[in-house]
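Engineer: Here is a sequence with its predicted model. Questions after.
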Amino acid sequence: MKEGLQAGASAVVEDVVTESMFPAFGGKLVHSVYGTAAMVYHMEWAARRVILPYLDGDEDGVGLGVQVRHMHPAHVGDRLLARAVCTEVTDNGRVVCYVSVWNNQVLLGEGQVEQRILQNRVLHERFHDLWAGYES
């Protein structure tokens with residue numbers, strides 16, 4: 001990992017609510033509002049943007065965990081701003097970000113995204129071991 005990633009580093013993702021962000025399970029629409037799964041997507045994307053400038057060419061980040069609290073709805077056409085702020089970086093490549101999603105001045109949700117930065121070689125070895133069990 002390149003030098004410089006520390007608590008306080010931040011990144012944002014801007015988007016607009018569309019029908020594809022509504023919660024649906026088994027092909028059945030649940031509510032016609034911004035869903036929690038879409039919120040998690042925006043939170044993870046913002047947190048990934050925090051680490052991208054610090055990745056060496058032979059590294060990538062993987063998700064370790066997400067915690068989210070979805071507090072308010074948003075409707076089609078509402079503007080979204082997902083913000084991630086790094087709160088912790090450890091020596092073993094673990095990066096923790098506080099994340100929040102806003103519609104203007106309304107806090108829609110907040111939480112935490114944890115990532116680990118690993119060498120691509122390590123990722124490929126781990127993924128290969130997983131895929132080997134599925135080969136026929």
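Structural biologist: Good, I have the coordinates.
Engineer: Check whether the residue nearest the centre of the chain sits in a helix, strand or coil.
Structural biologist: Central residue of the chain (CA atoms, centre = their mean): residue 44, 0.4 Å from the mean position. Here residue 44 is recorded as helix under DSSP: H, G, I helix; E, B strand; the rest coil.
Engineer: OK, contacts around the nearest residue to it once chain neighbours are set aside?
Structural biologist: Among residues not flanking residue 44 along the chain, residue 113 sits closest, at 5.7 Å (CB to CB, 6 or more residues apart in numbering). Bear in mind the C-beta positions are built from the backbone N, C-alpha and C, glycine included. Taking CB atoms under 8 Å, 6 or more residues apart in numbering, we find residue 113 in contact with 43-44, 46-47, 63, 65-66, 84, 96-97, 99.
Engineer: among those, which ones are buried?
Structural biologist: Those of these that meet the buried threshold are 43-44, 46-47, 66, 84, 96-97, 99, by 16 or more other CB atoms under 10 Å.
Engineer: could the residues you listed go into a markdown table alongside distance to residue 126 and pLDDT?
Structural biologist: Shown next, in a markdown table, are those (distance: CB to CB, whole Å; pLDDT from 0 to 100):
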| residue | distance to residue 126 | pLDDT |
| --- | --- | --- |
| 43 | 24 | 99 |
| 44 | 19 | 98 |
| 46 | 25 | 99 |
| 47 | 21 | 98 |
| 66 | 20 | 98 |
| 84 | 25 | 99 |
| 96 | 21 | 98 |
| 97 | 23 | 99 |
| 99 | 25 | 99 |
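Engineer: Now distance to residue 123 too, for the residues you listed, in JSON lines please.
Structural biologist: Listed next are these as JSON lines, based on distance: CB to CB, whole Å:
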{"residue": "43", "distance to residue 123": "22"}
{"residue": "44", "distance to residue 123": "17"}
{"residue": "46", "distance to residue 123": "22"}
{"residue": "47", "distance to residue 123": "18"}
{"residue": "66", "distance to residue 123": "19"}
{"residue": "84", "distance to residue 123": "21"}
{"residue": "96", "distance to residue 123": "20"}
{"residue": "97", "distance to residue 123": "20"}
{"residue": "99", "distance to residue 123": "23"}
